[in-house]
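Novice: Okay, sequence plus prediction incoming.
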Amino acid sequence: MDIEFEKLINLQKLDKEIADISIFLDNIPSKIEEINKKIETSSQIITLAKEKMAQNQKKRRDLEAEVKDIKEQISKYNRQLNEVKTNREYSSLLKEIEEAKQKVNDIEEEIIGEMLAADEIEEEIKTASQKHREAEEKFSREKDTLQQEKKKFEAKKDKLNKEKEKLVPKIPSDQVNLYLKIYKKNSGIALSPVNEEFCSLCHMRIRPQVINELKGKEKIILCENCGRILYCVN
């Protein structure tokens, strides 16, 4: 019985292409997820900057409230100046007033510092927002490209599967079964060409007698080392 080497070789070629496409398609969801994470990271930079601005504003409000309280205390001290009866009490109040005024000055300096910091944070938000828009556009294009490639390769995979469906019935079932058994065992490669008296895949030397038998194409011969179906190119 003649061995359908050409059809088996074509079957392996189809299986190889189908497997490669399947790997590509299987990786698309993780690639899209990676792009989404990049977009999220870009967005988080804006969020962090806005949180920093919120903290800055809160601190300024707290400082301004503290200044207001101190100034009210100063007003209270000033009213008390008119009520004291001794120089000692008068001097003590003046000292309290001076210390309170100094504290107001220090806090107002701090407020100015926070206002300057707010300007820098505002610029940080604008820059981050611009970069996020650019990144979003870029990543959106990448996702569109992946979706287009997905459709293209899905169509190609369907075409290859149809070719395989037409090819398999043309090969004797025992040869197909042996091919499938070796295919599963050897990482999707069931056939190996003999190149200059060597198995191309495992580089085992093939005896001259075996090579002559292979050229006759009358029976399937497996490589003694890797177990794949051997065939002669010429």
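Specialist: On my side now, so go ahead. Residues are numbered from 1 along each chain as shown.
Novice: Check the offset of the longest helix along the chain from the chain's centre.
Specialist: Longest helix in the chain, counting residues (DSSP state H): helix 87-167. Chain-centre distance of helix 87-167: 20 Å, with C-alpha atoms, centre = their mean, to the nearest Å.
Novice: tell me what that helix is packed against?
Specialist: Packing partners of helix 87-167 (3 or more C-beta pairs under 8 Å, 6 or more residues apart in numbering; DSSP states H and E): helix 5-81. Every residue, glycine included, has its C-beta placed from N, CA and C.
Novice: what pLDDT, on average, does the longest helix of the chain get?
Specialist: What helix 87-167 shows for mean pLDDT is 95.
Novice: Same check on stretch 212-230?
Specialist: Stretch 212-230 carries an average pLDDT of 91.
Novice: for stretch 68-80, same thing?
Specialist: Mean pLDDT, stretch 68-80: 94.
Novice: what comes into contact with that stretch?
Specialist: Contact with stretch 68-80 is made by Leu93, Glu96, Ile97, Ala100, Lys101, Lys103, Val104, Ile107, as judged by C-beta atoms under 8 Å, 6 or more residues apart in numbering.
Novice: I'd like to know which of those residues are buried.
Specialist: Among these, those buried by neighbour count (16 or more other C-beta atoms under 10 Å) are Leu93, Ile97, Ala100, Val104, Ile107.
Novice: got the contact list for the third one?
Specialist: The contact partners of Ala100, taken as C-beta under 8 Å, 6+ apart, are Ile70, Gln73, Ile74, Tyr77.
Novice: Report the next helix or strand after the longest helix of the chain in sequence order.
Specialist: helix 173-185 (DSSP states H and E).
Novice: Give me the sheet partners of the next helix or strand after that next one and which way each runs.
Specialist: For helix 173-185, the following helix or strand on the C-terminal side (DSSP H and E) is strand 191-195. Looking at strand 191-195 with DSSP bridges, its partner strands are strand 198-199 (antiparallel), strand 229-232 (parallel).
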